[in-house]
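Engineer: structural data only, the sequence is not supplied:
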């Protein structure tokens with residue numbers, strides 16, 4: 001299927017061609033026609049599936065084909081997203097796909113001076129991409145009215161709830177016109193997300209990508225069992241492999257991210273952290289340095305990592321396993337994007353074995369273990385293993401080494 005078969009107008013098709021896109025991803029192929037028909041949409045899709053284009057392309061088309069030239073330009077579409085990085089990424093998508101339309105857009109978020117943002121808003125824009133806090137702030141100051149919104153998008157709804165934005169989202173919803181088209185996207189659909197969707201959508205069509213297959217198959221995944229105190233040394237050992245040109249490293253906390261960066265810098269490995277305590281310009285600088293490989297390692301917390309979109313990033317390292325299994329899927333999804341190859345290494349200490357158990361239950365597979373490394377787990381303190389039905393076949397134990405990674409570590413199954 002080509003984008004042209006979705007009846008996309010020529011100016012947007014031209015932009016897609018210039019960006020090198022000819023074939024839609026599954027969520028784009030399913031969602032774009034639904035949105036173009038004017039339906040509300042409930043979309044469930046993981047990171048890296050192309051969902052930004054799934055709503056940006058039809059929004060650009062709908063506004064282009066019905067636009068009126070009003071000197072008092074009013075905001076016609078609002079995209080609400082949880083983080084600054086995601087907002088900037090979405091804004092770039094509207095810029096790229098809409099360059100041959102006459103539509104204007106802007107992105108607003110906190111952590112920076114509002115002056116330049118309010119200047120653009122006073123000139124008028126068609127499409128507004130915003131984070132909740134800055135949006136409500138500028139609404140209260142009278143710079144923004146949502147009375148003319150035609151299309152509303154709530155992106156990364158599960159992340160909104162994780163960050164405590166639910167009350168802000170409800171305030172925004174109260175300011176929107178009742179007659180509108182609404183699009184709702186979330187990587188997961190727990191009951192509280194479904195409940196929120198019910199308050200936003202009217203007779204929605206649903207698009208769910210890869211149900212029951214939550215991991216990207218092309219990503220190679222491996223586990224290192226290691227004591228908590230040896231994780232830093234193991235990270236240095238893994239990064240001594242020069243085949244790993246760059247890596248995105250995940251920690252659970254902001255303090256943990258800063259500590260990992262300090263350890264890396266002490267070993268002359270260029271690294272920067274990105275998390276909520278960093279100023280916006282520092283976060284953008286760190287991300288830019290990582291993209292152009294001036295910085296070899298970017299250390300991130302889960303919330304800050306939403307919006308990190310780096311082409312051809314091959315390696316993700318879970319320095320600490322997440323305590324929410326779905327978060328593991330989001331993390332490793334930062335690599336292996338658009339069909340590219342990717343490798344995810346995870347460090348698991350004794351206390352994290354329960355997290356690993358939940359992750360493997362979610363992804364419905366056992367993650368191969370790299371056992372022959374210099375810092376094997378000593379303090380096992382294993383979680384209680386479930387009863388196994390029969391002895392597994394020997395062929396399930398031996399796995400090939402990860403492609404492109406050196407021969408220092410041998411893959412075998414480690415007793416858990």
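Structural biologist: Yep, it's here. Since we're looking at a predicted model, the values are computed, not measured.
Engineer: per-domain residue ranges of this protein.
Structural biologist: 3-208, 219-411 (automatic domain parsing).
Engineer: including mean neighbour count and mean pLDDT, could these go into TSV?
Structural biologist: Every C-beta, even on glycine, is put in place using the N, C-alpha and C of the backbone. Formatted as TSV, the domains of the chain follow (neighbours: other CB atoms under 10 Å; pLDDT from 0 to 100):
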stretch	mean neighbour count	mean pLDDT
domain 3-208	18	91
domain 219-411	18	81
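Engineer: what is the helix or strand hosting residue 13 packed up against?
Structural biologist: Following DSSP states H and E, one finds residue 13 within helix 10-18. Contacts defined by 3 or more CB pairs under 8 Å, 6 or more residues apart in numbering; DSSP states H and E place helix 10-18 against helix 51-66, helix 84-97.
Engineer: what do you get if the cut-off is 6 Å, keeping everything else the same?
Structural biologist: Counting contacts by 3 or more CB pairs under 6 Å, 6 or more residues apart in numbering; DSSP states H and E, helix 10-18 packs against no other helix or strand.
Engineer: so it versus helix 51-66, what angle?
Structural biologist: Interaxial angle, helix 10-18 versus helix 51-66 (axes from the mean of the first three to the mean of the last three CA atoms, to 10 degrees): 150 degrees.
Engineer: hmm, who's touching helix 10-18?
Structural biologist: For helix 10-18, the external contacting residues (CB atoms under 6 Å, 6 or more residues apart in numbering) are 3, 60, 61, 97, 99, 100, 101.
Engineer: which one of those is nearest residue 301?
Structural biologist: Checking the contacts of helix 10-18 against residue 301 by CB to CB gives residue 97 as the nearest, at 29.7 Å.
Engineer: give me every residue that touches that closest one.
Structural biologist: Residue 97 neighbours (CB under 6 Å, 6+ apart): 12, 15, 56, 57, 60.
Engineer: so residue 149 makes contact with residue 80?
Structural biologist: No. Residue 149 lies out of contact with residue 80 (CB atoms under 6 Å); the separation is 10.7 Å.
Engineer: before we move on, back to that, which among the contacts of residue 97 gets closest to residue 369?
Structural biologist: The closest of those, once distances to residue 369 are taken by CB to CB, is residue 56, at 40.9 Å.
Engineer: who are the packing partners of the helix or strand where residue 265 lies?
Structural biologist: In the assignment (DSSP H and E), residue 265 maps to helix 254-266. Using 3+ CB pairs under 6 Å, 6+ apart, the elements in contact with helix 254-266 are strand 271-274, strand 297-300.
Engineer: quick one, strands of the stretch 251-400 of the chain?
Structural biologist: Assigned by DSSP state E, counting those that start in this stretch, the strands in the stretch 251-400 of the chain fall at 271-274, 297-300, 315-318, 342-348, 370-372.
Engineer: for the fourth one, the distance to its chain's centre please.
Structural biologist: Right, strand 342-348. Here the centre of strand 342-348 is set off from its chain's centre by 17 Å, with CA atoms, centre = their mean, to the nearest Å.
Engineer: now swap in stretch 120-137 and tell me
Structural biologist: On the basis of CA atoms, centre = their mean, stretch 120-137 is displaced by 22 Å from the centre of the chain it belongs to.
Engineer: please apply the same query to stretch 286-293.
Structural biologist: For stretch 286-293, the distance to the chain centre is 17 Å (CA atoms, centre = their mean).
Engineer: ok, now stretch 22-30?
Structural biologist: Worked out by CA atoms, centre = their mean, stretch 22-30 lies 18 Å from the chain centre.
Engineer: again, but for stretch 108-124
Structural biologist: 25 Å.
Engineer: give me the residues contacting that stretch.
Structural biologist: With CB under 6 Å, 6+ apart, stretch 108-124 has contacts from 73, 84, 87, 106, 130, 131, 133, 134, 143, 280.
Engineer: the stretch 101-250 of the chain: strands as residue ranges?
Structural biologist: 105-108, 127-130, 151-154, 181-186, 205-208, 219-225, 247-250.
Engineer: next one: the first one to chain centre, how far?
Structural biologist: Strand 105-108 has its C-alpha centroid displaced from the chain centroid by 20 Å (CA atoms, centre = their mean).
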